[in-house]
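Novice: Coordinates for the following, if possible.
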Amino acid sequence: MKCVNHYGGYLCLPKTAQIIVNNEQPQLETSAAESSSGTTTGSVAASSVAASGVLPGGGFIASAAAVAGPEVQTGRNNFVFRRNPADPQRIPSNPSHRIQCAAGYEQSEHNVCQDIDECTSGTHNCRADQVCINLRGSFTCQCLPGYQKRGEQCVDIDECTVPPYCHQRCVNTPGSFYCQCSPGFQLAANNYTCVDINECDASNQCAQQCYNILGSFICQCNQGYELSSDRLNCEDIDECRTSSYLCQYQCVNEPGKFSCMCPQGYQLVRSRTCQDINECETTNECREDEMCWNYHGGFRCYPRNPCQDPYILTSENRCVCPGSNAMCRELPQSIVYKYMSIRSDRSVPSDIFQIQATTIYANTINTFRIKSGNENGEFYLRQTSPVSAMLVLVKSLSGPREYIVDLEMLTVNSIGTFRTSSVLRLTIIVGPFSF
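Specialist: Sure thing, here's the model as predicted:
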């Protein structure tokens with residue numbers, strides 16, 4: 001651009017612009033092409049304006065006051081000034097110039113044609129679903145983001161049908177879309193990628209143990225508990241109901257575990273087994289003249305001297321009837337006291353006690369029998385050798401109960417001149433339990 005001074009102001013014109021005054025020489029140099037062609041610029045401008053009021057090229061036209069008189073054409077396609085017809089010889093010191101600009105332009109306060117922003121002025125004809133974009137001398141209508149032009153209308157672009165934007169799920173919306181994640185996942189910061197939700201850190205719903213897995217989580221319970229139907233909470237397992245073999249005697253259920261108990265007279269060993277307490281080795285209530293006998297689940301006190309008249313005590317638990325006493329002729333020569341304990345419900349038949357002669361005489365025969373205490377047939381005596389026999393339990397016994405069984409050994413010589421007997425008085429204590 002170049003600045004051209006004139007009366008009352010100045011103009012900013014392109015460097016190729018000419019100022020032509022009618023019947024005068026051009027004030028600016030004519031281009032070489034126009035000079036060589038012999039064309040008179042002033043006459044061309046005048047004739048063009050006179051004929052149509054529009055300069056060649058359709059750039060700008062003169063003011064509506066088409067008054068004959070001197071004209072000034074600025075540029076080849078810009079505008080034409082007309083002098084004040086009252087004084088055609090000079091330009092007023094404050095001339096009033098009016099410009100008519102081409103479509104899409106308007107005259108500025110500095111008498112130049114400037115672009116009309118149809119988008120700002122609201123003179124565009126874009127639809128409500130379009131965006132107005134201003135151009136030089138014009139404007140264009142574009143569809144909103146997320147839409148594409150189809151004919152004269154803007155239609156939604158289904159972004160979910162193009163190569164995947166979303167990691168898992170794509171939801172199309174008018175003019176846009178958004179991504180969704182499957183349960184157990186959440187959108188990352190980029191709003192496209194799905195990342196696993198660690199439910200164990202965020203909102204741990206498990207009552208006891210939580211284990212995160214891809215897209216979900218699982219709950220587990222501590223030992224002694226099991227998952228409830230909601231798969232979140234834990235319920236105590238009643239181990240005592242699930243099995244009858246956990247404890248030897250009694251199972252006691254506790255939260256998350258169980259414990260075993262033993263009856264009186266027993267102690268718990270290895271958490272589950274009941275073992276008899278030998279009260280005779282610890283504390284008991286037996287008197288000094290009594291002996292303590294321990295059995296399964298308890299103890300009993302027996303006299304240290306069990307002998308009854310006419311028997312006398314010769315050694316521990318052995319009573320002998322003196323031969324000098326006439327009463328002893330019809331009585332067993334000796335009575336030996338023995339004690340044993342067995343558990344309840346012992347399997348049968350079962351060998352439980354062996355009797356054996358302590359003195360062996362030459363040319364004698366020994367026979368064995370149950371003299372008393374077997375009224376219900378719980379026992380059977382089987383001779384195992386000439387000098388011994390085995391007591392067999394043939395019926396199961398339940399305690400607590402005490403049985404006193406007299407086992408007799410008869411000794412006779414081969415010629416029948418000698419006959420004697422001895423008794424083993426066996427006290428059998430049946431414990432209250434099978435252990």
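
Novice: Which strands or helices does the helix or strand harbouring residue 426 pack on?
Specialist: Taking DSSP states H and E as the criterion, residue 426 maps to strand 419-430. Other helices and strands packing on strand 419-430, by 3 or more C-beta pairs under 8 Å, 6 or more residues apart in numbering; DSSP states H and E, are strand 290-295, strand 334-342, strand 350-356, strand 401-413. For the C-beta atoms, the positions are set from N, CA and C on the backbone; glycine is no exception.

Novice: do that again at 10 Å, thanks
Specialist: Other elements packing on strand 419-430 under the criterion 3 or more C-beta pairs under 10 Å, 6 or more residues apart in numbering; DSSP states H and E are strand 290-295, strand 298-303, strand 318-320, strand 334-342, strand 350-356, strand 364-372, strand 388-393, strand 401-413.

Novice: The longest one packs against which elements?
Specialist: Same thing as strand 401-413. strand 334-342, strand 350-356, strand 364-372, strand 379-385, strand 388-393, strand 419-430.

Novice: List the buried residues of that strand.
Specialist: Neighbour-count burial for strand 401-413 flags 403, 405-412 (criterion: 16 or more other C-beta atoms under 10 Å).

Novice: if we take those residues, which one ends up nearest to residue 385?
Specialist: Among those, residue 409 lies closest to residue 385 (C-beta to C-beta), at 12.0 Å.

Novice: For this protein, which residues score under the pLDDT cut-off?
Specialist: Low-confidence segments of the chain (pLDDT under 70): 6-8, 14-98, 416.

Novice: how does it look with 50?
Specialist: Within the chain, the stretches with pLDDT under 50 are 20-95.

Novice: where along it do the helices fall?
Specialist: When assigned using DSSP state H, the helices of the chain occupy the ranges 32-37, 41-52, 118-121, 199-202, 239-242.

Novice: Check what contacts stretch 355-368 and list those residues.
Specialist: Contacts with stretch 355-368, where a contact means C-beta atoms under 10 Å, 6 or more residues apart in numbering, come from 318, 334, 336, 338, 381-391, 407-416, 418-424, 426.

Novice: hmm, which of the residues you listed are the buried ones?
Specialist: Burial by neighbour count, 16+ other C-beta under 10 Å: within those this picks out 318, 334, 336, 381, 387, 389-391, 407-412, 421-424, 426.

Novice: which residues does residue 113 form a beta bridge with?
Specialist: Note on residue 113: beta-bridge partners by DSSP bridges are residue 107.

Novice: Please report the distance of it from residue 134.
Specialist: Look at residue 113 and residue 134: by C-beta to C-beta, to the nearest Å, they are 16 Å apart.

Novice: same check, this time on residue 406
Specialist: Counting by C-beta to C-beta - residue 406 and residue 134 are separated by 132 Å.

Novice: cool, residue 112 as well?
Specialist: With C-beta to C-beta as the criterion, residue 112 and residue 134 are 18 Å apart.

Novice: returning to what we had before: would you turn the buried residues of strand 401-413 into CSV with distance to residue 107?
Specialist: Below are these laid out as CSV (distance: C-beta to C-beta, whole Å):
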residue, distance to residue 107
403, 138
405, 143
406, 149
407, 147
408, 153
409, 153
410, 158
411, 159
412, 163
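
Novice: between these, which is nearest residue 197?
Specialist: Nearest member of the buried residues of strand 401-413 to residue 197, counting by C-beta to C-beta, is residue 403, at 74.0 Å.

Novice: How many residues are close by the nearest residue to the closest one once chain neighbours are set aside?
Specialist: Once flanking residues are discounted, residue 403 sits nearest to residue 428: 4.2 Å by C-beta to C-beta, 6 or more residues apart in numbering. Close neighbours of residue 428, defined as other C-beta atoms under 10 Å, add up to 24.

Novice: Wait, residue 428 touches residue 406, no?
Specialist: No. Between residue 428 and residue 406 there is no contact under C-beta atoms under 10 Å: 11.7 Å.

Novice: For the residue nearest the centre of the chain, which non-adjacent residue is spatially closest?
Specialist: Compute the mean C-alpha point of the chain, and by C-alpha atoms, centre = their mean the closest residue is residue 217, 2.2 Å away. Counting by C-beta to C-beta, 6+ apart, residue 199 is the residue found nearest to residue 217 once chain neighbours are left out, at 4.1 Å.

Novice: Confirm for me that the one you found is in contact with residue 214.
Specialist: No. Residue 199 is beyond contact range of residue 214, at 11.4 Å (criterion: C-beta under 10 Å).
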